[in-house]
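[1] What shape does this take:
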Amino acid sequence: MSPELKLYESSASPNSRRIRIFLAEKGIDVSRVPVDLGAKEQFSTAYSRINPRRVVPTLVLGDGTAIGEVPAIMRYLEEDYPNTPLLGASPKDKALVTMWERRMELEGFAAVMETVRNNAAGLKGRAIAGAHDYEQIPALVERGRQRVADFYLDLESRLAEAPFVAGERFSAADITAVVTIDFAAKALSLPIPDTHAASLRWYAIIAARPSMAA
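    A predicted model of the protein is given here:
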């Protein structure tokens, strides 16, 4: 275990799962501190001091530095534990992984999150995660479902030409994509369409990786 690293996370948080998978792929064992989102522990005074945005996950370093936001946490872990690179090895690979991971987040993960947060009864007044409260907009739910459908179409086109999202090797882009898909299937009953053969082939390979149980 890396005693100098402490991860504040939640089993109910898809973003936390992205980091758990990343850690598992790299073989990094850190101290984990559960944050109960159902009990709204993220809004506690103690946690707000760690992450003023009141979201998970947050990685706290040995010197007390708190790093929030999934891409930033991934970057720190990649730099400090360079073995088994998940953000690319060469300059070109790094750029491509960053590009594709960003697309998976913006076009897929954000679309699912927008749909869920504007629809769930338990998130009234909390349509956007973070320090401030925002009311739900029901019209965004239908648009969000269309965004998810478009995400699946675009992902299918990509995986028809490459074995993994960012190219020839498994990367953080695959992590964000698979968490997005599992999130959509569970929260919105929107799994990969049966007609998307390339995506289903890719998903079967990814789902068999031991890290997916993290």
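[2] which residues of this protein fall in helices?
    In the chain, the helices defined using DSSP state H lie at 14-26, 45-50, 70-80, 91-103, 110-117, 139-159, 172-188, 197-207.
[3] wait, which of the ones you listed is closest to Leu7?
    helix 14-26 (6.7 Å; Cβ to Cβ). (C-beta placed from N, C-alpha, C; glycine too.)
[4] The lowest-mean-pLDDT helix or strand in the chain to helix 14-26, inter-axis angle?
    Every helix and strand of the chain was ranked by mean pLDDT, DSSP states H and E. The lowest is strand 2-9, at a mean of 88. Counting by axes from the mean of the first three to the mean of the last three Cα atoms, to 10 degrees, strand 2-9 lies at 150 degrees to helix 14-26.
[5] distance between strand 2-9 and the chain's centre?
    18 Å (Cα atoms, centre = their mean, to the nearest Å).
[6] That one pairs with which strands, and in what direction?
    Take DSSP bridges as the rule and strand 2-9 pairs in its sheet with strand 30-34 (parallel), strand 58-60 (antiparallel).
[7] CA-only coordinates of the first one, as CSV, when you get a sec.
    The C-alpha trace of strand 30-34 is given here as CSV (Å, rounded to 0.1, in the frame of the first residue of the first chain):
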residue,chain,number,x,y,z
VAL,A,30,-3.9,3.3,-1.7
SER,A,31,-5.7,4.0,1.6
ARG,A,32,-9.4,4.5,0.8
VAL,A,33,-11.8,6.7,2.7
PRO,A,34,-15.5,6.0,1.9
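[8] Now do the buried residues in that strand.
    Val30, Arg32, Val33 (16 or more other Cβ atoms under 10 Å).
[9] so the last one touches Leu7, yeah?
    Yes - under the criterion of Cβ atoms under 8 Å, Val33 makes contact with Leu7 at 6.9 Å.
[10] thinking again about what came up before, nearest to Leu155 among the strands paired with strand 2-9 would be which one?
    Closest approach to Leu155 among the strands paired with strand 2-9 (Cβ to Cβ): strand 58-60, 28.1 Å.
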